[in-house]
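J.: Requesting a structural model of the entry that follows:
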Amino acid sequence: MSAIDFDFTPVADPGSEQREAPRRRLLMIANPFASSVSERLRTLVIAALRGSYVVDAVDTERRDHATELCREAAHEGYDAVVAFGGDGTANEAANGLVGTRTPLTCLPGGRANVYCRMLGIPPDVVDATEHLLGLAHSWQTRQVDLGRVGERYFLFSAGVGLDADVVERVDAHPRLKARLGEYYYAWVATSTFARRYLLSPPRLEAELEHAGSDTASRPRGVTFLVQNAAPYTYFGDRGVEMARGASLVSGDLAGLLLERTNPLDIPSIAWRALSSRAQVAAHRRVAEFRAQRWLRVRSLDGRPLPLQVDGDYIGARHEHSFSVSPGALTVLA
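T.: Next comes the predicted model:
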């Protein structure tokens, strides 16, 4: 079945006497610039959902617009918000719903759709729409953790250093990002490493809540990854495993520190990230940190450190402080 060939079983007319309870109200927030979101697909999804829900739909128009819309949705008493887009759209929506009783659910419209997969939502939009229709009769929400860096919450991962530089460059070319997906990321990662990290990479220092007995209290390196859940991302259908231990309900964070960017190290780290058996954390130039409720990263050489959250570039600062907010978000999946 193609991404736009909907074939759902007909449902009773909304005004039928078979319906004993009023239908739930959904606000669908769609990112029209997401790689898989077209006007035709958006229209078909809305039509399908209106068989079981009262659906209002709005497109995002600028950065952080989804956050503003979700705050309004919670205030107006919507039963749930549907983020139709990539992980960046879901992140913005979560930042607007954090601390409220309004649940967030997702429809996959990006390339990786990491958070959809983590919640158990199918990565195909047709299957995901059918899944959401089924939830109308088995409405069950749950609380999940969010990571936080500064004033920004994140759903599953954040990065300081090389991966944030890669995300910044990828975001600057949205058409290539949409067309080539993970392969464009791989090409940008290779070129960014060669241009910015091969000879004089930025230096950073991490401060941890718990520094293991075999680890310096303030480990140093060039890139730091923080996870609120696993995997870190996806390459096609394969999960990219980095730090271990954190989950959406663990109440803590996990992290990895890359000590150096050496041409001899990077290929083996990349292989481990995609391997089903080898582990990145076991690499001799990688330090892993588990069960951390807070972490702090600061620049050692005066250069601001780039930051990405959930695959979106946020900016650069000389210091970034991370923490976990247990049960801060209500989800429907």
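
J.: How far off centre is stretch 316-333?
T.: Averaged C-alpha coordinates place stretch 316-333 at 11 Å from its chain's average position (CA atoms, centre = their mean, to the nearest Å).

J.: repeat for stretch 25-43
T.: 18 Å.

J.: Give me the contact list for it.
T.: 3-4, 45-46, 49, 53-60, 66, 69-70, 73, 77-86, 88-89, 93, 107-111, 125, 174, 177-178, 181 (CB atoms under 8 Å, 6 or more residues apart in numbering). C-beta here means a position set from N, CA and C on the backbone, and glycine is covered the same way.

J.: Mind checking which of those are in strands?
T.: 54-59, 80-85, 107-108 (DSSP state E).

J.: before we move on, back to that, if any of the contacts of stretch 25-43 are buried, put those into a PyMOL selection.
T.: In PyMOL syntax, the buried subset of those is picked out as below (16 or more other CB atoms under 10 Å):
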select buried, resi 45+46+49+53+55+57+59+60+66+69+70+73+78+79+80+81+82+83+84+85+86+88+89+93+107+108+109+110+111+125+177+178+181
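
J.: can you put the ones in strands among the contacts of stretch 25-43 in JSON lines and add pLDDT and distance to P306?
T.: JSON lines is the format used below for the ones in strands among the contacts of stretch 25-43 (pLDDT from 0 to 100; distance: CB to CB, whole Å):
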{"residue": "V54", "pLDDT": "97", "distance to P306": "42"}
{"residue": "V55", "pLDDT": "97", "distance to P306": "38"}
{"residue": "D56", "pLDDT": "97", "distance to P306": "37"}
{"residue": "A57", "pLDDT": "96", "distance to P306": "34"}
{"residue": "V58", "pLDDT": "96", "distance to P306": "31"}
{"residue": "D59", "pLDDT": "95", "distance to P306": "29"}
{"residue": "A80", "pLDDT": "98", "distance to P306": "34"}
{"residue": "V81", "pLDDT": "98", "distance to P306": "29"}
{"residue": "V82", "pLDDT": "98", "distance to P306": "31"}
{"residue": "A83", "pLDDT": "97", "distance to P306": "25"}
{"residue": "F84", "pLDDT": "96", "distance to P306": "28"}
{"residue": "G85", "pLDDT": "94", "distance to P306": "23"}
{"residue": "L107", "pLDDT": "97", "distance to P306": "30"}
{"residue": "P108", "pLDDT": "95", "distance to P306": "27"}
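
J.: What's the mean pLDDT across the longest strand anywhere in the chain?
T.: Ranked by residue count, the top strand of the chain under DSSP E comes out as strand 319-332. What strand 319-332 shows for mean pLDDT is 97.
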